[in-house]
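Chemist: Got a sequence here, can you model it:
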Amino acid sequence: MSLFHRLSTKTVTATAVVAFAGSLVAVGVQAQDAIAARLPAVQSMVCAAPLVVGAQRQDVACLDDLTTASTVASGHTVAADWAGLQPAGTRNPTSVPGMQIDGYFPDSSTTNTNHGWNHDSQFVIRLPENWSGGLVVAGTPGNRRQYANDFIISDWVLAKGYAYAAIDKGNTGSEFYRDGAAPGDAIVEWNNRVTQLTIAAQAVAAQRYARPAAHTYLAGISNGGYLVRWQLENRPWLYDGGVDWEGPTWLTDSPNPLSYLPTALRGYQNYRADPATRDDVVAAGFPVESEPLWEYHENTYWGLTQRIYRQELDPGYAGAETEYDYADRPAAVHDAVRRISLTGRIERPLITIHGTLDALLPIGKESDVYAGLIRDQGRAALHRYYRIEGGNHIDGLYDQHPDLLRPMLPCFRSAFIDLESWLDKGESPPPDATVPRPRRWGSGQCLRAGLSRLINLPVSWGNPSRKEQRSTRVGLARFSRAGSFPDDEEMQ
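Modeler: Numbers count the residues shown, from 1 in each chain. From the prediction side, this is the model:
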């Protein structure tokens, strides 16, 4: 049995590997074909790579700057992996010296062509010279590759002193569903690969810094948010908490993307013929206020997303995607979805953010539902849920719709800071809330904007008490440390 399969199925084995590898402080291995041998090394750092447990290949480079400001040119990231996820003009911190390890775990699929390796389960681990003692693990959004979070997550957490690790989830691209033998196998691998990476990255940090990470956090957007949820439900012993940025809520019973996207596709056909007929698109979960976003998302996302995830979970269906009816599909299809489904039974603190104008994963069918699952499981004390008014699924569309949308990136960073305060200082975040869109948008402020007026809580969450109102106002003050967005000096 391969190391990967042992780690994905045996808790005891995983824990033992971390303990063993964490003791190998003095271990250094010769990197294979270092991808940046031509670059000047950081003189104060010995560039001997720690052992990445279970890796088939690992290449090491010591760099003067681990952020995208330098790694695009040096070949230690691939900008196409993270294209379109951030608004134009966003400025990130730079000048973070340290070590980068690129490599891959054993895998038979070959969809990831980064570095010319043609090998899946590629990972990146970054170890800043000035380590704060923490580790951030990120799963990739969509079907992107291991560098997809480099701009929106890695740059920022590295500047805060965290080690960082990400993986391509074991399969990539619009034909990811070809990986695996049974329906659902490709997505099941996503979860197992994040577990595998976390174990390996914790061991690497322990070797590099001669002590284990004090905190391991998860973070992710879209499918990366789903991975955060799944890990905190199923592998909580590996983590201290996480930030879920608009993850999909896969449930055996609807709603799930296969239950509402066909409705949206049918509705948009009617809408294209007669713009007055918007009801079916709205019924699919997309608010009428998001109408300016429908054409782009129908052309780019709705049909493609429906097709590839239906092929992953229901490959036997032969009809039109617009006519797909998840509720009427055979029990085997629902069993496939059950393999990847969520329960809401989180075991570690989780902060969820989701935009109210998300035109791919509508908030009413997704995070609203997941927040309800968490409450039903009696885990509400471990969860905070912030509905971001005017937020869309990706920030790249903000520049085309500045009067409609607000960027979500500052909200993610605000939420991460609040997670730190929650776990490091015992400061409870403010209660679940809908964060209003500022009347005048100019600085990219997110939750700071709520300081000027009381946040509107969704009706389903009840009316806030005076104590909760005060907690909301006080708690939001902490979000002001999240930094800025294009018009400000820099996102700190």
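Chemist: residues of stretch 261-277 that come out buried?
Modeler: For stretch 261-277, the neighbour count (16 or more other CB atoms under 10 Å) marks 261-268, 271 as buried. For every residue, glycine as well, the C-beta is placed using N, CA and C.
Chemist: Those in strands, which ones?
Modeler: Using DSSP state E, the subset of the buried residues of stretch 261-277 located in strands is empty.
Chemist: between those, which is nearest residue 338?
Modeler: Ranked by distance to residue 338 (CB to CB), the buried residues of stretch 261-277 are led by residue 261 at 19.3 Å.
Chemist: hang on, the closest one packs against residue 306?
Modeler: Yes. Residue 261 is in contact with residue 306 according to CB atoms under 8 Å; the separation is 4.1 Å.
Chemist: Overlap of the contact sets of these two?
Modeler: Common contacts of residue 261 and residue 306 (CB atoms under 8 Å, 6 or more residues apart in numbering): residue 321.
Chemist: before we move on, the earlier item: please dump the buried residues of stretch 261-277 into TSV; it should also carry distance to residue 382 and pLDDT for every row.
Modeler: Converted to TSV, the buried residues of stretch 261-277 look like this (distance: CB to CB, whole Å; pLDDT from 0 to 100):
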residue	distance to residue 382	pLDDT
261	30	97
262	34	97
263	33	96
264	32	97
265	36	97
266	38	95
267	37	95
268	38	95
271	40	92
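Chemist: neighbours around residue 83, how many?
Modeler: 12 (other CB atoms under 10 Å).
Chemist: same check, this time on residue 229
Modeler: Residues near residue 229, counting by other CB under 10 Å, number 27.
Chemist: mean confidence for the host helix or strand of it?
Modeler: Per DSSP states H and E, residue 229 falls inside helix 223-234. Averaging pLDDT along helix 223-234 gives 98.
Chemist: Moving C-terminal from it, which element do we reach first?
Modeler: Later in the chain than helix 223-234, the nearest helix or strand by DSSP H and E is strand 241-245.
Chemist: mind listing what that following strand pairs with, with the direction of each?
Modeler: Using DSSP bridges, the neighbouring strands of strand 241-245 in the sheet come out as strand 215-221 (parallel), strand 350-355 (parallel).
Chemist: related to what we said a few turns ago, and the helix holding residue 229, which residues are buried?
Modeler: Quick answer for helix 223-234 (16+ other CB under 10 Å): 223-233.
Chemist: Can you check the pLDDT for the most centrally placed residue in the chain?
Modeler: Centroid-nearest residue in the chain: residue 220, 1.4 Å away (criterion: CA atoms, centre = their mean). At residue 220, the pLDDT value in this model is 97.
Chemist: Please shift the residue numbers so they start at 139 in all later answers.
Modeler: Yes, from this point I'll number from 139; that puts the last item at residue 358.
Chemist: Isn't it up against residue 370?
Modeler: No. Counting by CB under 8 Å, residue 358 does not reach residue 370; the two are 11.2 Å apart.
Chemist: list residues touching both of the two?
Modeler: With CB under 8 Å, 6+ apart as the test, residue 358 and residue 370 both reach residue 380.
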